[in-house]
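[1] Below: sequence and its predicted model.
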Amino acid sequence: MDRREFLQAGLLTLADITFPVLRPPGTTPGSDSESEIYVAMSGSDESSGTRQIPFATLERAKLEVRERRRRIHGPITVWVRGGTYYLDAPLILNPEDSGTDTTPIIYASYPGEIATLSGARKLICRWEPYKDQIMKCAVTWADGSNLNFTQLFVNGKRRIRARYPNYDAENPLVDGSGYIDVAHPSESWPPTEFHYDPETFTRKKWKKPEEAVVHLFPLDRWGNLQWEVRGIDWGNHAIQLGWGGFQLNELLFGEAATGIGKSRIYSRGFKSRFFIENVFEELDTSGEWYLDRDQSMLYYMPEANEDLAKALVEVPALDHLIEFRGSQRAPVQGITFSGFRIAHTASTFLNTYEAPSLGDWTIHRGGAVFFEGAEDCGIVNTFFDAVGGNAVFLNNYNRGIRVYGNKFTEAGDSAICLVGSERQIQGTNRPLPSNNLIANNLIHDCGFFGKQVAGVFLSITEKNTISHNRIFNMPRSAICVNDGWGGGQIIEFNHVHDTVRETTDHGPFNSWGRGRFWCMDQSHGEASHRSGYPEDGESYPFSYPEADGYTTILRNNLFQEPPSIHQLGIDLDDGSSHYHIYNNICIGVGIKLREGDYRVVENNIFFHPANPPAFHQGYEGNQDKFRRNIIVTTSMENYGSKSSVPGDFYQVRFPPLNGPIAAEIDCNLFFNDLGSFSASITRRHESRVHYTIDEWRKLGYDKRSMYADPLFVDPGKGNYSLKLQSPAFQVDFKAFDLSSVGLLKDFPKHWLDERRAGL
């Protein structure tokens, strides 16, 4: 096996992997050897690309690399001097731009300088007063054509499109005042309108409502949806919807679904939250802007003490900035980008989305850096600053890609996506990402537009390593596995906290497994207490060993969440199968195992989970094992919560009629502040029943488990190491060390902002 295969087998750790040297050995910047090419803001593409007379563009440097690699048999580095490079078009790298094992190609910011690659256009604004502190200026593209953009950046900061209600900077989340309630959407699919409450809606009449865009959270807040507004029926208090509504999987929630899922998305009487943007009449607070496309006029109300005469004003024009464009048969190889700032790409939430599988999510196949058909390439030590959609997207065939040491903040959608195409996987054609490394990345405050997003999103992909990332302040999950296809992921040493902040029914890690042996009605309908399909009444195992291919490993992670009744912790949702989950510390969260199979959950610590470890919609004959875990619960009163959760150690919801909920539940250690063991079982159409330890053991569970204080060293200060006399060792718990969890020591120090990153 090669190193990558050893890593996937768990025989190597991240520390055993060596990365390519970013500076060619034996040279320093400025040596003007054949192996170095220079790009600078002051350069010219008519020059020779040396340090003294550099090129002006990466495109010209790319062509020079093609020429030199024919005669150079070592690394080639393109040094890019500091400054902002406004790209007219994406930099597209094809197979002819490839490096090799002996001739890697490196594009890097010059040491001590930061080169920004921007998808924006810098506007030359001649501001003049409009009214009510609003300024205006005429804007057009260089060719005289009218502008059309959905984001505005002033001095590098994203500003807010004029909207109702106003953006709540103090609490920008969905529970803040920046959202209002809607009475109910139409129940047709796709939805055609929704009704607002005239008591809370704006009193202003809009001249151009068809320019507005609505952002709406439907029932249960599984995500959000955006639509262009078709019109407003002011008399009936109805907002009519046009183009949009792409962000939830219509295979599950649309007309083709059974109706179970759809009813959870739109329901009469439920008040969804929403806001509407791009409305001129609502430009009434500092930091808001509006573009009159017909008149090519930009309106903006400046922030306090903002000098517009000196301000840098930028508007995004490109979706992608760097594209690796190859194929499985002719891949792009051996190219690494390092040390850049990637900024200001266009928003994509009204572009084409698709459902790659039966997971809840749909995705836009795009990103500021886009890989398709690449091998042994990478993006490292780079800052993705407020890109409009996904930041990095690995689409279809990609192998050996390194996304390492990067910072991602304020992305419009997800930070890193790995997505294949299931229906194209035939024979030797493998259009899926595999054996890639996503490690040592700082990801926070993403999902500015989309809320059904993740720090790392995986769908139709296999054998990737997600390691040593720090992910926090996310509207939904930190890491999401959208389906059980392939499997074989290694997810380890990640530090995750403060997730699922704007959605519900989810966890910091989430997965679905709606594959060949999964049925929506069997899972969510009246038949969900049986293992046989309702139409035939036969009983057979829910899933099979080969259903998901390789086992996914979730180990040595730290999950920390504030107590919340909405947080499900490690959330193995509908049909998730083939997981080995061990040596994780979960603070404030537990684990949920819905119907699925072949899950081994062992040697984890669950401390004060808001929801206890849960077995939901289980099936007889499964091979699940829950053993050697430490579970410390507390009554919700200790959290200052009004919840009536009594501190159960297990929650079982709709167990199978025949057989146990798991093959093994034993050798666990329990402790709580109530002084006794309690587990609860809820059967369909029945109230919850609580079980003492003796009653629980009569069901066949936890016969060798113990109730005792685990004797953590200092949990109040985050030290969950066990004292030598801990009773956990009597149930064969194995001590593990998470001192190296999160970012590694070589994460770029200049990307750390202690205030914004919470470090």
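    Arrived safely, thanks for sending. Please read all numbers here as calculations on a predicted model, not as lab measurements. Residues are numbered from 1 along each chain as shown.
[2] Which residue is the nearest non-sequential neighbour of Arg159?
    Nearest non-adjacent residue to Arg159, counting by Cβ to Cβ, 6 or more residues apart in numbering: Leu152, 4.7 Å away. Quick note: C-beta positions are derived from backbone N, CA and C, even for glycine.
[3] Over to Ala610?
    Among residues not flanking Ala610 along the chain, Pro563 sits closest, at 4.5 Å (Cβ to Cβ, 6+ apart).
[4] Using the three-state scheme, assign the one you found.
    Put simply, Pro563 is coil when judged by DSSP: H, G, I helix; E, B strand; the rest coil.
[5] what does Leu291 give?
    strand.
[6] Tell me where the longest helix sits in the protein.
    For the chain, the longest helix by residue count, based on DSSP state H, is helix 58-68.
[7] Packing partners of it?
    Applying 3 or more Cβ pairs under 8 Å, 6 or more residues apart in numbering; DSSP states H and E, we find helix 58-68 packed against strand 36-39, strand 76-80, strand 91-93, strand 105-109.
[8] Quick one: mean pLDDT over it.
    Summarised as a single mean, pLDDT over helix 58-68 is 97.
[9] How many neighbouring residues does Gln295 have?
    11 (other Cβ atoms under 10 Å).
[10] repeat for the one 10 residues further on
    Asn305 is flanked by 5 other residues according to other Cβ under 10 Å.
[11] now swap in Ala309 and tell me
    7.
[12] name the element it belongs to?
    Using DSSP states H and E, Ala309 maps to neither a helix nor a strand.
[13] ok, the residue nearest to Arg159 - contacts?
    Taking Cβ atoms under 8 Å, 6 or more residues apart in numbering as the criterion, Leu152 is in contact with Arg158, Arg159, Arg161, Trp289, Leu291, Leu298, Tyr300, Val313, Glu314, Val315.
[14] Now with 7 Å, please.
    Arg159, Trp289, Val315 (Cβ atoms under 7 Å, 6 or more residues apart in numbering).
[15] For it, grab phi and psi.
    phi -130, psi 130 (degrees, to the nearest 10).
[16] Could you do the one 10 residues further on as well?
    Ala162 has phi and psi values of phi -50, psi 130 when expressed as degrees, to the nearest 10.
[17] rewinding a little: can you say which of the helices and strands packed on helix 58-68 is nearest to Cys480?
    strand 91-93 (28.2 Å; Cβ to Cβ).
[18] For that closest one, name the packing helices and strands.
    In terms of contacts (3 or more Cβ pairs under 7 Å, 6 or more residues apart in numbering; DSSP states H and E), strand 91-93 is packed against helix 58-68, strand 322-325.
[19] Strand partners (parallel or antiparallel) of whichever strand or helix holds His580?
    Assessed by DSSP H and E, His580 sits inside strand 579-582. As defined by DSSP bridges, the strand partners of strand 579-582 come to strand 552-555 (parallel), strand 599-602 (parallel).
[20] Contacts for the helix or strand that that strand is followed by, please.
    Next along the chain after strand 579-582, taking DSSP H and E as the criterion, comes strand 585-587. Contact with strand 585-587 is made by 558-560, 569-570, 604-609, 720, 738, as judged by Cβ under 7 Å, 6+ apart.
[21] The same query, at a cut-off of 8 Å, please.
    Around strand 585-587, the neighbours that count as contacts under Cβ under 8 Å, 6+ apart are 557-561, 569-570, 604-609, 720, 738.
[22] Lowest-scoring secondary structure element of this protein by mean pLDDT?
    When the helices and strands of the chain are scored by mean pLDDT, DSSP states H and E, helix 3-8 comes last with a mean of 37.
[23] ok, the residue nearest to Ser726 when sequence neighbours are not counted - how many residues close by?
    Spatially, and ignoring its direct neighbours in sequence, Ser726 is nearest to Leu711 (4.3 Å; Cβ to Cβ, 6+ apart). Leu711 is flanked by 14 other residues according to other Cβ under 10 Å.
[24] switch to numbering from 746
    Taking 746 as the first residue, the last one we looked at is Leu1456.
[25] Could you work out the end-to-end span of stretch 899-917 for me?
    This stretch, stretch 899-917, spans 19 Å end to end (Cα to Cα, to the nearest Å).
[26] what comes up buried for that stretch?
    Neighbour-count burial for stretch 899-917 flags Val899, Arg903, Arg904, Ile905, Arg906, Ala907, Arg908, Tyr909, Pro910, Asn911, Tyr912, Pro917 (criterion: 16 or more other Cβ atoms under 10 Å).
[27] Now do the same contact list for the third one.
    Same thing as Arg904. Shown in contact with Arg904 (Cβ under 8 Å, 6+ apart): Leu897, Phe898, Gly1032, Glu1033, Trp1034, Tyr1045.
[28] how close does the second one sit to Asp1342?
    Here the distance between Phe898 and Asp1342 works out to 49 Å (Cβ to Cβ, to the nearest Å).
[29] more neighbours, these two?
    Asp1342 (26 against 21).
[30] Let me see the confidence value for that one.
    89.
[31] Specify the local secondary structure of it.
    Per three-state DSSP, Asp1342 ends up coil.
[32] these two touch, right, it and Glu1365?
    No: look at Asp1342 against Glu1365 with Cβ atoms under 8 Å: they stay out of range, at 11.0 Å.
[33] Show the contacting residues for the residue sitting nearest the centre point of the chain.
    For the chain, the residue sitting closest to the mean C-alpha position, by Cα atoms, centre = their mean, is Ala1199 at 1.1 Å. Contact analysis of Ala1199 by Cβ under 8 Å, 6+ apart lists Ser1159, Ala1160, Met1219, Arg1221, Ser1222, Ala1223, Ile1224, Cys1225, Asn1255.
[34] how does it look with 7 Å?
    Per Cβ under 7 Å, 6+ apart, neighbours of Ala1199: Ser1159, Arg1221, Ser1222, Ala1223, Ile1224, Cys1225.
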